[in-house]
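Participant: Let me see the structure of the following:
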Amino acid sequence: MVSSGSAHRSVESSDEDCEEWIPPASKPKVPRTARTVKAGEKKATTRKTVKPKEPKAPKEPKPPKEPKAPRVPKAPKEPKPPKEPKAPRVPKAPKEPKPPKEPKAPRVPKAPKEPKVPKDPKAPRVPKAPKVPKELKPRAPRKPAAQRKTQSAKSLKEPGASGVSFMVSDTNQPDRWADEGSSFGGLRPKKEEVEEDFTFDEPCLKKQKTSAACQGQPRALSSSQAQSLRNDLNMNWDPVEVLSTLTCVERWVCTNIVVLLREENTVPFMVRYRKEMINHMDADAVREVQLAYEDLCSLAKKTQSITQTLKKDGVLTAELEQDLKSCRSADELDHVYTPYKKGSNLTKARKAKALGLAAAASQLMESPHTLDLSTWVKPGTEGLSTVEEVATGVEHILADMIAKDPDTLTFVKTLCENSYVTLHSSVSKSALKEKNKDIDKFHLYFDFTCGVQRIQPHQTLAINRGESLKVLTVKVNVPDRVKAEFTRWCINNRWKPKTFASEQLHAILRNAVEDSYKRLILPFLSRSYRTKLTTAAEKESIAMFARNLRKLLLACPVRGCVLMGVDPGFRHGCKLAILSPTSQILHTDVVYLHSSGPSSEILSLLLLFAHISCTKVVIGNGTACRETESFFSDLISKRYFHPLDVSYCITNEAGASIYSVSPEAVKEMPDMDPNLRSAVSIGRRVQDPLAELVKIDPKHLGIGTYQHDVSSGALKASLDGVVQECVSFVGVDINICSEMLMRHVAGLSAGRARSIAEWREQRGAFANREQLKLVKGMGPKSFQQCAGFIRINPQTLHRTTDQSESAVPEKPAVKKGKRKADSSIPTSFNPLDQTCIHPESYHVAQRFLSLVGGSVEQIGSEGLRRCVESRVRTGGVEELARTVDATPETLRLIIDGLTQPPGFDIRQNFGQADFKRGVVSMSDLRVGSVLTGRVDNTTLFGAFVDIGVGRSGLIHKSNITLNKLPADQRRRSLALGPGERVEVRVLNVDPQRGRIGLDLIRVLQ
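Facilitator: I've put the predicted structure just below:
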C-alpha cells in the first residue's frame, strides 16, 4: 500500500536516496577525469606523458639545471650535460631513480611481468604506442594520490580490468536448494566493487562474465540449428549474440539456454540437472535469459506484422525492410517505424498536405531561392487565402517532418541524456477541491522533484498510483538548454536549406522547429521517460515479489505435533481447527473468547487441549488477533494448560478467506463451513507452508508492494515460475501430495496432475518412478522434466498400498494404450526413487556405489556416507567423475542423493515460525531497546519486521548496511527477505500513528 510505504518515510528520505544513488554513467567518467585532470592541472599530466619518450636516449642533463634545491637531491645520480634547459622538466628526471622505487615499477605497468628495475624495458614499452604510455605513465605518480580518490575511481582503474568493474547481481548467487555454484567462481572482485554493488537505489549492474569463470561446457550451435533459429525469427542479427549483449551472459551459455528452451526444458530441470551447460546459473538468472529470448521472439513477430502493414500501404521498400529487420529492441523498431505510422486525419500536417503544401515545404528545403509563397495563395480557400496561412501550413508540414526524422530524434535524446531531466509531481486542483479521501496518502509527493536517473522504483509506482487516482499531476521537466541547442542544431545543420533562403523563409523554418519541439517532440520525450521509468519500477517490484514469495514458500515446516489453527474474530467468534501431525482435521469449533463471560468457553477449550494433547496454537493476524493473543498468553502464564507445554505464534492469514470459498477448498473440504476452512488453512500454513500456500494465488499472499500497479501478466508469470521452482526443488511425494501441489512440479500441467491422481485412485500407489510412464499424457519429455522432482517414499508407499489393497484389482488399467508397456515397467520399489537423483543417471549411481563398495539399500545410512566421503577425499570428485563416465556436476548430485538421510528436506535450513508464551505491547517499547524479530515483508524502501507487539516496525533501507549482513548476503540488492530472523534496535515509536522505526543490528543465523 502506498500509505504504508509513504508513512514510514521521512521528508529527509528523498535526500538520503539522492546521496546513496551512484549514476551508472559516472563510473566510466571517473578514470577519464583522473587521467586528464590529475590535480586540476592538465599541463602537468601532459608533461608526464611526454617525458617517457626521453628515457630512450641518455639525454638527462637536468642535474645542472638544479637551481631548485628540493629537486636536486632526486637527480644527482645522473650528472650529464644539460640538454633540456626546461625547468619544468627537472622534476621529471626523478623518474629514473626508480631503482629504489622498484616495488612501484611493477604496479605502474599493467602487466606485473617486469618487477625489475631495468630502465631499458621501459624504453621499448614507450615507443610501442604513444597512447599506452599516456595512460600508464601518469599512474606511477598517481599512486599516492589514488588513495585520496574515491573507492569507485580505484575500482574502475584496477590493473588488468580494462576500466571495467565486475559486479555480481543477486541473481547469480548460489541457489541453496538447487545446489548450484556461483557463475562468477573464477572472479575476485575488489572490496570497493562489492560495496558499489550493494545499493538499493539502482539495480545491480550485470557485467559480462570472464572466461576464467567458466564452470560448464561451452557449446556452439550447429550450422543447421543456427540457420533454423535465424529463419524462425527472420531478422538480420544473430539471436544468440543479441541475447548475450542484453543479459551480459557469456555467448556459449546463451547458446546452451536457447537450445534447452527450444527442446522444451523447464527452468528447474536446467538448473538442477544441466548445471554444466548453463555455467551454474541460478533459476532467476536463467529465467531472465528466458524472458529476454521471449522478448526477442516477440520483437521478431512485431517486425513481421509491421512489414506486412507497410507492404499493404505501398510504402515498404527493400531498404526500409532491412532497417526494420536490423532493429534489436522495441525502442529501435518504434524509432524506425514512427515516420511511417498513420496519423490522425485531423492533424495539422495532414490538413496542410491535403491543401497541396507538401511541395512548398519540400521546395523550401531543397531550393528556397525559387520559392514564392504568394504563388500558393488561393483567395476563398480556407488555409490558402493569405500568405500567412500558406506559411502556417508549410510550418506544420515541416514540424511533422522534423518530429518523425530518426536522426533528429536521436540527437534530441542524446541532449536529454546529457542534461538533468526531472520528474515533478504536485497535488491536483481537483483533489483539493473535492477533498479526495486518498489525498493524505500522497503528502510526500505534493511537491516532489527528482531526476529521472535518480528516482526510486517505489517513488515511481506511488506517483503513478496518485496520478491514476487524480490526486497528483505529473510532469517531465526538460531543461531549456535542450531546446536552445536543439533549435540551433536543426537550423544550422540537419534542417538547413540547401541554397540561399530569404529572411521570411528562415523565420518559417525557425517557427517550424520550435513548434515541432514544443507540440510534438516534447510530449514524445515525456511519454518515453514515463514509460521507461514505469517499466524499470515494475521490473524491480516484480523481482521483490519473487524474492519474498520464495522466502515464504521455503519456510521450515513444523512437524510432529498436534496443532490448533485459530481464525480470530469478535462478532462471529474465533474459528478453531485442530490438526494432526499429518495435517488431518481432528476437530473444528467456533468459540466466543471475547464475550462478557467466557468462563464456559475457557473450560471447554482446556478440556479440548487435554483430550487431544494439542501443544501449538497458530493465530491469524486479522481482526481480534491481539485480543486472542492476550487471551492465550494469559492462560499460559496462569498455567491453565499444565502439564502441557503450550505455545503460540502469529501467522499471516492473507488469502485464507479467499481460499476458503474457492473451488479447490470446496472439493477438499466439501461439508465444512467456509469460516472453518480458513482456520484449517491458517494451521496448515505453519505445518507445511509450501503445500498450503500453493493453493492460493500468490498475489493474495500480501507480499511485496504495489502489486496492483504492475503488469498483472508479468507478475503472474514471475510468481508462477517461483512456485514451480520451489515445489520442484523441495520435491513431492507422489503417493500423498495433493493434485494442486502436483500442478506446480516442473513438466506437469493441470491435466497431467489430474491423470496422476486418477491413476492413484484406480491402481493404487506408485511403486516406482517408471510407472509414471503409464499415466495418460505422460510422454518422454514430460517424464524427463518431472521425474527427478518426484519422490517415492517407502513409508507412505507401504501405508497407501495397505489401504488400497482391495481396490487395486477392481480397476486394473487406466488407459488401454499402455497395456503393452505394462510388462516392461517394473513393479518393485527402487531405493533411488526416494532421492534427488534423476533416472537418467541411475546407471552412473550404480557404478559409483560399486566403486565405493556400497548398495542402494544403504542409501542415507551413516556407513555409506563415511565410505563416500573417504573415497571423495582420496580421489577427488573430478577424478571419480572420469572413472564413472559422468560430469563432476552429475556426480556431486549423485553423492548428495546417496548421503542425504531418508526424508531429507531442504527447508530444514530455513527459518521456522516463532512460538512464544508471553505478549508485549507497543507501550512497552523504549527507544534504544534491542529486540529480536522476524522479517514480515520487504519493500523497495525497506523491510517490515514483526517484533511481537501487534505492529510491524520498519527498517529503512538506509539502515540496512553492508557491515550488518552475513557475508553470503552482501552482494544482494535486497539483503533481507520474509522469514529471516533479525536483531534490531528501536529508533522511534509513534503510538498515535502506530509506527515503529527500527535499526538493523545483525541477521541471526
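
Participant: Tell me which helix or strand in the chain has the weakest average pLDDT.
Facilitator: Ranked by mean pLDDT, DSSP states H and E, the weakest helix or strand in the chain is helix 191-197, scoring a mean of 34.

Participant: from the chain's centre, how far out does the helix or strand following it sit?
Facilitator: Proceeding N to C from helix 191-197, the next assigned helix or strand is helix 223-233, under DSSP states H and E. Here helix 223-233 is found 30 Å from its chain centre; the criterion is Cα atoms, centre = their mean, to the nearest Å.

Participant: Show me what helix 223-233 packs onto, helices and strands only.
Facilitator: If you count contacts as 3 or more Cβ pairs under 8 Å, 6 or more residues apart in numbering; DSSP states H and E, helix 223-233 packs onto helix 239-247, helix 251-262, helix 283-313. C-beta here means a position set from N, CA and C on the backbone, and glycine is covered the same way.

Participant: hey, which of the ones you listed is tucked in deepest?
Facilitator: Ranked by mean neighbour count, the helices and strands packed on helix 223-233 are led by helix 251-262 with a mean of 21 (mean count of other Cβ atoms under 10 Å).

Participant: Report the rounded mean pLDDT for that one.
Facilitator: In this model, helix 251-262 has a mean pLDDT of 91.

Participant: That helix - contacts with which helices or strands?
Facilitator: helix 223-233, helix 239-247, helix 275-278, helix 283-313.

Participant: Could you rerun that using 10 Å?
Facilitator: Helix 251-262 sits against helix 223-233, helix 239-247, helix 267-273, helix 275-278, helix 283-313, with contacts defined as 3 or more Cβ pairs under 10 Å, 6 or more residues apart in numbering; DSSP states H and E.

Participant: and Val661, which of the ones you listed is closest to it?
Facilitator: helix 267-273 (31.3 Å; Cβ to Cβ).

Participant: What confidence value was assigned to the most centrally placed residue in the chain?
Facilitator: For the chain, the residue nearest the mean C-alpha position is Ala543 (4.5 Å; Cα atoms, centre = their mean). pLDDT for Ala543: 86.

Participant: Was I right to think it contacts Ser718?
Facilitator: Yes: between Ala543 and Ser718 there is a contact under Cβ atoms under 10 Å: 7.7 Å.

Participant: so where's the stretch 151-300 of the chain shaky on pLDDT?
Facilitator: Along the stretch 151-300 of the chain, segments meeting pLDDT under 70 span 151-223.

Participant: which residues touch the residue lying closest to Lys964 once chain neighbours are set aside?
Facilitator: Using Cβ to Cβ, 6 or more residues apart in numbering and skipping the chain neighbours, the partner closest in space to Lys964 is Leu1000 (5.1 Å). By Cβ atoms under 10 Å, 6 or more residues apart in numbering, the residues touching Leu1000 are 942-943, 945, 955-956, 959-961, 964-965, 975-976, 982-985.

Participant: Can you show me the strands along the stretch 851-1000 of the chain?
Facilitator: 930-939, 942-946, 952-956, 981-990, 995-1003 (DSSP state E, counting those that start in this stretch).

Participant: thinking again about what came up before, what residues are shared contacts of Ala543 and Ser718?
Facilitator: Counting by Cβ under 10 Å, 6+ apart, the residues touching both Ala543 and Ser718 are Asp284.

Participant: Average the pLDDT values over stretch 846-861 and round to the nearest integer.
Facilitator: For stretch 846-861, the per-residue pLDDT averages 90.

Participant: Over to stretch 468-479?
Facilitator: Stretch 468-479 comes out at a mean pLDDT of 93.

Participant: Can you point out the buried residues in that stretch?
Facilitator: By neighbour count with 16 or more other Cβ atoms under 10 Å, stretch 468-479 contains the buried residues Leu469, Val471, Leu472, Val474, Val476, Val478.

Participant: Now name the helix or strand holding the nearest residue to the second one once chain neighbours are set aside.
Facilitator: Pointing back at Val471 there. Once flanking residues are discounted, Val471 sits nearest to Ala431: 4.6 Å by Cβ to Cβ, 6+ apart. In this structure, Ala431 is located in helix 429-434 according to DSSP H and E.
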